[in-house]
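Visitor: what's the 3D shape of this:
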Amino acid sequence: MSNLLRTLGFLLAIPVVGYLVSAGILWDLNNDATAASGQTFETLCERRVEINNADLNTACGEIASIQVLKTVSLWCGLIGVALPLLAFLGAKYAGNNRDRLAQVFRPLVAMTVAVLAGLVLVEAGVLAFAAYEGESYLVGRVHFVIIGGVALGGLFAAFQLAASAFSFAKAVTLPVIGQRITKEQAPKLFTEIDETARRLGARTPDNVVVGLEPTFYATSAEVQLVGEQTPLKGETLFISASLARILNRDELMSVVGHELGHFSGQDTAYSLRFAPVYRGLGTSLQAVATADDEGSMGLAKLPALALLGYVYGLFQESEAGVSRDRELAADQAGAKAGSAFALGSALCKICVYSELWNKVQQQNVAALAEGQITHNLSRAFADCARFDVEAASIDKLLAAVLDVSVAHPTDSHPPVSKRLDALRVTVDQVRTAGLSLPAEPAIELFQNGGAELEHALTDLQHRVLVAFGHVVIPTDPPKNYTARAVYELIACLIRADGKIEASEVLTAEDICQRMLGNRFRSLDFREVCTHQRNDYDPTPLAKAVGSSVTADSRETVMACLRAVAEADGEVAPREAALIARIEQAMSEGAADAAQNAGTSESA
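Guide: From the prediction side, this is the model:
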C-alpha cells in the first residue's frame, strides 16, 4: 500500500500544481471583478457578447487558457489515479495463475505505457504552462530556460515510452553461442531425449543446441545462433557440453527431463507471451531512468518512473511465484525421467562447478593474448574444476550452494535447498555420493565422446572473443616448450605413488606459480595432470629439455621438482628415484648438446 501511495503522490504532484495555479489565478481575478462590478470574472466573460467591451474580450481570451489548464490538470489527476489502481487490480486478479498473468499482463502494460506516454507529455505541458502563468501573474517575470527544459524533458520521456511500447509486440530472440546438432552427431543422446519425451508425454524439441556455457534450458523463443543468418524457430533445448563432462548419464537425463517438462504443458507458451512484455517493461523503465537529463528536464519523467516501477514491482512478485511453481513442477518431471536423487545431485553439481566457468574463461583469454590456444574448453573446464572441487570441503561446497538459484536466461528458479526438499533428497545423500567428476561422463552420449563438437564450439568461442575485442591473438607468438615440459615432468612426479591427489596438484601449482611466474598456465598444467598416461616415461623428455635449455633453466626445473616432492614434509623413495633419473637424463642431454656444439665448431 505504501508503494501505491508513493506512486499516486508522484502522479498527482504535477496535476495538483497545475490545478492550484489555475484555480488560484481564477480566484484572484474573480475577487477583483466582484469587488469592481459585483460579478465574477467568469460571469462577465459569459456575458462578453452582450457587454461588447474590447478590453473584456481580450482579457477573457487570455483567461480561457487558464481555464483549460484547470480542466486538463483535473483530467490528468483522474488518469493518474486510475492507472496505478488498474495495475493493482490487474495484479490481484492474475495472482500466481500463469494463464491469467499471461492474459492480463500484455494488454495492461501496453495500455499503461501508451497512456503514460501521452500523460507524461501532457503533464510536462501542464507544468510548463503553470510555471509560465504563475510567474507572469505573480512576479511579472518568466524563466523560459527552465520552462523549456521541462517541456523538452516531457517530450523526450514520452518519445522513449512510445518507442518502447512498440517493442512489446516483437518476438523474443535469444542470442546463443552454440551449435545445432543432429541425430547423426549424437545418436545416443537423441535416443535418450526421444525416450524421455515419450515417458513424460512431452513434445520432442524441434532443435537441440549444444554450447559451452554451464547452463541448461528449454525455450520457445527464437534462438539466434552466433554466426548463423536464420534464427531457429520452435522449441529449443540447450545442453551444456561443459556440464556434460561433470554429470553422469542419469544426472544429465534428469536435467533434460526437467527441461522437457516445460514442453509438456503451457510453460514455454507462457514464457513466449509473458517474457517479451516483462522484458519490454524493464527496458522502458531502464531507458527512462538512465536518460541523460537533469534538473528541470528530469522533472517530467518522474511520474513515468514512479508508475513503471510500481507496475514492474507488482508483476515481479507474481512472476517469481509462477516461476517457482513451474520449476518445482518441472523437477518432478526430471525425477520421473531419471531419479529424484540424480536430479538433486545434478543441481548441486551445476551450482558448484558453474562458479568455476569464469575462472576458465579468464585464464583462456590470458593464454590467447600470448598466442596459446586451448582447443577444447569443455575438457579444460572439467580439468580445471576437477581438482578445485576434490580438494575442497564438501560440507562447505554444499552449504554455499543451498541458497543459490540455478542460472537461466529467461526464468528465475527457487533456491537449491527448496528444490531438494520438494524432491525429498537430503543434503546427507548428496554428501555421501560426493560431487566428484564421474568415471563415465555424459559427454560419452555424443559421437566420438563429443571431442569434435567441443573443438568446434571452442573455435566459435574464440572467434566471438576476437570479434568483440575481448582479446587480440598475436600472429606470430613465441613458442614456449619449456613450460609444457615442466608440466609433464611434475605430473609424472605426482603420479609416482600411482595416483594424482587434488591437494598435490594445488600445491604444485602454488610452487610453479612462484617459480615460473607469468609463464605458468594452470589450464595446461591440469590438462597434463589429468590426461598423462600412467605408463609415461619422462626420461626422453628430460634429456630433450637438458639439451635445449640453459644451465639456469635446468636448475629451475629441478628446483620445481624438488619443491613439489618436499611439499608434504618428506620425499618418498619413488619420488627421490624419479628425480634422480630426471636429473641424470637432463645432464646427459646437456652433455650431448655440448658435445654436438663442439663437433660443429671443429667442423
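Visitor: the helix or strand where residue 515 lies: how far from the chain's middle?
Guide: Remark: residue 515 resides in helix 502-516, with elements defined by DSSP states H and E. Distance, stretch centre to chain centre, for helix 502-516: 33 Å (CA atoms, centre = their mean, to the nearest Å).
Visitor: residue 491 contacts residue 500, doesn't it?
Guide: Yes: under the criterion of CB atoms under 8 Å, residue 491 makes contact with residue 500 at 7.4 Å. Yep, even glycine has a C-beta here, placed from its N, CA and C like the rest.
Visitor: okay, these two: which has more neighbours?
Guide: Taking other CB atoms under 10 Å, residue 491 and residue 500 do not tie; residue 491 has more neighbours (24 against 19).
Visitor: please report how far the more buried one lies from residue 349.
Guide: When distance is defined by CB to CB, to the nearest Å, residue 491 is 25 Å away from residue 349.
Visitor: picking that back up, common neighbours of residue 491 and residue 500, please.
Guide: Shared contacts of residue 491 and residue 500, defined by CB atoms under 8 Å, 6 or more residues apart in numbering, are found at residue 529.
Visitor: how far away from the center of its chain is stretch 182-190?
Guide: With CA atoms, centre = their mean as the basis, stretch 182-190 stands 29 Å off its chain's centre.
Visitor: next: stretch 26-45.
Guide: For stretch 26-45, the distance to the chain centre is 65 Å (CA atoms, centre = their mean).
Visitor: buried residues of it, list them for me.
Guide: Neighbour counts over stretch 26-45 (16 or more other CB atoms under 10 Å) mark 26, 29, 30, 33, 40, 41, 44, 45 as buried.
Visitor: test my guess that the last one contacts residue 63.
Guide: It stands for residue 45. Yes: counting by CB under 8 Å, residue 45 touches residue 63, with 6.7 Å between them.
Visitor: what's across from residue 224 in the sheet?
Guide: Bridge pairing for residue 224 (DSSP bridges) gives the partners residue 175.
Visitor: what sits against it?
Guide: Shown in contact with residue 224 (CB under 8 Å, 6+ apart): 173, 174, 175, 176, 231, 232.
Visitor: please repeat the previous calculation with a cut-off of 7 Å.
Guide: 173, 174, 175, 176, 231 (CB atoms under 7 Å, 6 or more residues apart in numbering).
Visitor: any idea how far the fourth one lies from residue 225?
Guide: Read that as residue 176. Taking CB to CB as the measure, residue 176 falls 6 Å from residue 225.
Visitor: overlap in contacts of those two?
Guide: Contact with both residue 176 and residue 225 is made by residues residue 209, according to CB under 7 Å, 6+ apart.
Visitor: mind listing the strands for the protein?
Guide: 173-176, 178-180, 207-211, 217-219, 222-225, 236-240 (DSSP state E).
Visitor: list the contacts of the first one.
Guide: When you say that, I think you mean strand 173-176. So strand 173-176 is in contact with 209, 211, 219, 221, 222, 223, 224, 225, 226, 231, 238, 409, going by CB under 7 Å, 6+ apart.
Visitor: tell me the buried residues in stretch 186-195?
Guide: For stretch 186-195, a neighbour-count test (16+ other CB under 10 Å) marks 186, 189, 190, 192, 193 as buried.
Visitor: and the least confident of these?
Guide: Of all these, residue 186 has the smallest pLDDT value, namely 91.
Visitor: for that one, give me phi and psi.
Guide: Main-chain torsions, residue 186, degrees, to the nearest 10: phi -150, psi 70.
Visitor: I'd say it and residue 449 touch.
Guide: No: assessed by CB atoms under 7 Å, residue 186 is found out of contact with residue 449, at 10.7 Å.
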